[in-house]
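Trainee: here you go, sequence then predicted model.
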Amino acid sequence: MLYSDPFLNGVEIFKISDAQSNNLAGPNPDPLNDNNPPFQNSQKKSNSRTTIIGIVVGVVSGVVLISVVIFFVVLLRRKSKLKTTTQNFKSKSSATSKRSPFSFSRTESTNLQNPSLPSDLFRHFSLVEIKSATKNFNDVFIVDVGGFGHVYKGYIDEDSTPVAIKRLKPGSQQGVHEFMNEILMLSQLRHRHLVSLIGYCNESNEMILVYDFVARGTLRDHLYNTDNPALSWKQRLKICIGVARGLNYLHTGTKHTIIHRDVKTANILLDEKWVAKVSDFGLSRIGPTGMSKAHISTVVKGTVGYIDPEYYKRHRLTEKSDVYSFGVVLFEILCARPPLIRTLEKKQTSLADWARSCYQSGTVEQIVDPMLKGSIAPECLKKFCEIGVSCLLDDGTQRPSMNDVAWMLEFALQLQECAEQRENAVVGMGMVVNENTEDSDDVFSSGTNIWQVSDSNKNSSGVRGTTSSGEHSD
């Protein structure tokens, strides 16, 4: 019986133990009051799993939230730095525009070296160094006089390095803004065809910029009102190409388009190797940003005779405004005359208008510098004038880009060189070129006048010595 029903035997054992002792094993279990322990275990496991999942989700959410907060904090700090830089520059410009440009204190002068200006990229000169370099601003060292002020030739670093020192003209109403603007602009620019800024001085109400010295001065000094020898046609072409490359870099070579706003021969410098360098960025502006903006609405600045009519009438500035000014420069180089001569008859007063009129009527010979007589290949001259006229189109959107202009000028130079090679080949073979040949476009001789310029046209075409007329627009 004991082995035939082990379950009952077990129950009996519990009963016996309970009867014979002080409840050693406790009361006999009641199968009817079990309370489903398996279900309780399952519920505990479920609650445990839910708790774990909740903890994991909470931790992950916390990490994500912290990451997002950190990201936005970093982003806001970067924006704050950029905003602070912009506000510092604007506040200085705004503050100085409300008072005399010479009323800012020595403390403000020192502030130009804070992070709002790229002082780490340029050398800060003391006024003592500047005076030493110019022998106390001796007039003997003046090499140019412009709207900004006087430009002196000086020497720094124990007289070992020649430099150009541009000093703000007393009483200039825009000097402070242009001074800071030029430093900010040139801090972003590095190009063979742009002038290089070495440093600046801003002590004792002086604002001075120090540049690499460009030995041959301005392009204008080699075109008219000068005793300098006339530039050859190929020299002029190469200078045009260099300027076009420099302007193209401003328009496309930086993060934002930079519009020079004062392109003219007086702002084009020539080094000892005749390499052209665009200078004077005091009026420069950052171009339109964003797909929705095609222009900047701004007050007209620049030099009369070079200003884009579209910009002048509508106050809408684009990079094509520089293209127009460069078109005037092209014809100024071809003619060796100023952009405006008010003493001439009305149709010849404006070089831009007169050049377009002569081109359309087929009388381009009237505008060619007599010093270039017989040296320009006809096909090259035709291409050059096409480029100039396209830059002067009334509708800015129809004007070529500076990249296209540079390419077309390089092509014009190739046409000139090919024509010279053909001429040299003919001369080398001992052939005589007939001046009256019908195919005069194929070959030409240095002794042959490609464009016949009569004496009566010399004054109107702007011979060397013509009175200059370069007027700044307020």
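Mentor: Nice, I can see it. Numbers count the residues shown, from 1 in each chain.
Trainee: ends of stretch 198-205, how far apart?
Mentor: In terms of C-alpha to C-alpha, to the nearest Å, the two terminal residues of stretch 198-205 are separated by 20 Å.
Trainee: same thing with stretch 187-204?
Mentor: The first and last residues of stretch 187-204 sit 24 Å apart, counting by C-alpha to C-alpha.
Trainee: which parts of stretch 327-342 are buried?
Mentor: Using 16 or more other C-beta atoms under 10 Å as the burial criterion, the residues of stretch 327-342 that qualify are 327-341. Yep, even glycine has a C-beta here, placed from its N, CA and C like the rest.
Trainee: surely Lys169 touches Glu178?
Mentor: No - look at Lys169 against Glu178 with C-beta atoms under 8 Å: they stay out of range, at 10.7 Å.
Trainee: need the residues touching each of these two.
Mentor: Contact criterion C-beta atoms under 8 Å, 6 or more residues apart in numbering; residues shared by Lys169 and Glu178: Phe148.
Trainee: which one's more surrounded, those two?
Mentor: Comparing Lys169 with Glu178 by other C-beta atoms under 10 Å, the one with more neighbours is Glu178, at 23 against 15.
Trainee: returning to what we had before: for the buried residues of stretch 327-342, which one is nearest Ser361?
Mentor: Proximity of the buried residues of stretch 327-342 to Ser361 was ranked by C-beta to C-beta; the top entry is Phe331 with 15.1 Å.
Trainee: element containing the closest one, please.
Mentor: With elements delineated by DSSP states H and E, Phe331 resides in helix 319-335, which encompasses its position.
Trainee: and Trp407, by the same measure?
Mentor: Applying DSSP H and E, one finds Trp407 within helix 402-428.
Trainee: which of the residues in that helix are buried?
Mentor: Neighbour counts using 16+ other C-beta under 10 Å place 402, 404-409, 412-413, 415-416, 419-420, 423, 426 of helix 402-428 among the buried residues.
Trainee: pLDDT below threshold where in the stretch 101-250 of the chain?
Mentor: 101-120, 147, 170-174 (pLDDT under 70).
Trainee: and for Gly305, the neighbour number?
Mentor: The burial count for Gly305: 21, using other C-beta under 10 Å.
Trainee: please report phi then psi for it.
Mentor: When quoted as degrees, to the nearest 10, the phi and psi of Gly305 stand at phi 100, psi -20.
Trainee: which one is it nearest to, not counting chain neighbours?
Mentor: Counting by C-beta to C-beta, 6 or more residues apart in numbering, Gly305 lies nearest to Pro339, which is 3.2 Å off, once chain neighbours are set aside.
Trainee: now for Cys385: which residues touch it?
Mentor: Cys385 sits next to 334, 355, 359, 364 when contact means C-beta under 8 Å, 6+ apart.
Trainee: equivalent analysis for Tyr211, please.
Mentor: Residues in contact with Tyr211, defined by C-beta under 8 Å, 6+ apart, are 163-166, 195-198, 279.
Trainee: host element of it?
Mentor: Element membership for Tyr211 (DSSP H and E) is strand 208-212.
Trainee: can you tell me the strand partners of that strand and which way each runs?
Mentor: Here strand 208-212 is paired, per DSSP bridges, with strand 161-168 (antiparallel), strand 197-201 (antiparallel).
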